[in-house]
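Chemist: kindly generate the corresponding structure for this input.
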Amino acid sequence: MARDRPSPFHEHRHRWLIPDWATRIRPPRDAREWGYTGLGLLVAVLAVWLLLRQALAHPLIALAVLAGVWWLVDRWYRARWAHEKVRRERLAALSWTIGELDGMTWLNFEVAVRDLMRRDGIAAEHVGKTGDFSGDVIGLDPVLGENWMVQVKHYGPRTKVTSEDVQKVAGAAWPIYQAKLTLVVTTNTYTRDARKFAAKAGMHLIDRESLIDWAARGIHLYEVLGIGARPQRSVS
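Modeler: Got it, this is the predicted structure:
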């Protein structure tokens, strides 16, 4: 169901303008990193100074270079804006705040995960019930050409998903559901052993922070999971 909210949320309205690499920048943590940072800034200042000298000495070449840079920036901006418009379409089509997800029953949360997968173009069905062999949502992914098996954990802030929980999903995915794509979604987080097992088994995990990106910010499932395939442009 759609939400009657501003699109996008005010707190994320300019997020799309920030390059992906910029979000990974963090402040230096020790003396060595501070030294590398200072050296990098010095090199950058020298490079800018040299470029300015060359631009003043060769103004025509500088104008040509500026025109090329402007063209590249314009192309980058247009691509980012097109991507952002698709995100806003997803956000308008279906979204939940993390507070709304926390307030759901476990059954409603499973259905919400199914609906988010459908929003992102996956033909998902809710199958969670007694004796479901750890499968709460299954679905065919038309882009990746494989089946998904999803286990949903609606947990409170003190309960983490364990390695045993994740292993059950891995054990049932192919024998029961013929699924090569496995995903566990939780409103909390995972133990260290659970993350280690998932990484070795090639499983996907969505924790609380990733869930906010997926459900509340309209980011496509592929982007949340870091899957290389491009999301479909239409909203399902």
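Chemist: quick check: residue 77 vs residue 162, distance?
Modeler: 45 Å (C-beta to C-beta, to the nearest Å). For every residue, glycine as well, the C-beta is placed using N, CA and C.
Chemist: more neighbours: which of the two?
Modeler: residue 162 (15 against 12; other C-beta atoms under 10 Å).
Chemist: ok, now which ones touch the more buried one?
Modeler: Applying C-beta atoms under 8 Å, 6 or more residues apart in numbering, we find residue 162 in contact with 190-191, 193-194.
Chemist: cool, residue 180 as well?
Modeler: 146-147, 173-174.
Chemist: list buried residues within those residues.
Modeler: Among the contacts of residue 180, those that count as buried by neighbour count (16 or more other C-beta atoms under 10 Å) are 147, 173.
Chemist: show only the entries of the contacts of residue 180 found in strands.
Modeler: Members of the contacts of residue 180 lying in strands (criterion: DSSP state E): 146-147.
Chemist: if we can go back for a sec, the contacts of residue 162: which two are farthest apart?
Modeler: The span of the contacts of residue 162, defined through C-beta to C-beta, is set by 190 and 193 at 8.6 Å.
Chemist: restrict stretch 129-139 to CA atoms and write it as CSV.
Modeler: These are the backbone C-alpha positions of stretch 129-139, laid out as CSV (Å, rounded to 0.1, in the frame of the first residue of the first chain):
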residue,chain,number,x,y,z
LYS,A,129,3.5,-21.4,8.4
THR,A,130,4.1,-24.3,10.7
GLY,A,131,6.4,-26.8,9.1
ASP,A,132,7.7,-24.3,6.4
PHE,A,133,11.3,-25.6,6.7
SER,A,134,12.6,-22.0,7.4
GLY,A,135,11.0,-20.6,4.3
ASP,A,136,8.7,-17.6,4.9
VAL,A,137,8.8,-16.0,1.5
ILE,A,138,9.8,-17.5,-1.8
GLY,A,139,10.0,-15.9,-5.2
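Chemist: residues in contact with that stretch?
Modeler: Outside stretch 129-139, the residues within contact range by C-beta under 8 Å, 6+ apart are 110, 113-114, 117-118, 122-128, 147-152, 165, 168-169, 171-172, 176-177, 179.
Chemist: drop anything exposed from the residues you listed.
Modeler: For those, a burial check counting by 16+ other C-beta under 10 Å picks out 110, 113-114, 117-118, 122, 124, 126-128, 147-152, 165, 168-169, 172, 177, 179.
Chemist: the longest helix seen in the chain: what's the following helix or strand?
Modeler: Looking across the chain with DSSP state H, the single longest helix is helix 59-93. Going down the chain from helix 59-93, the next helix or strand is helix 98-102, by DSSP states H and E.
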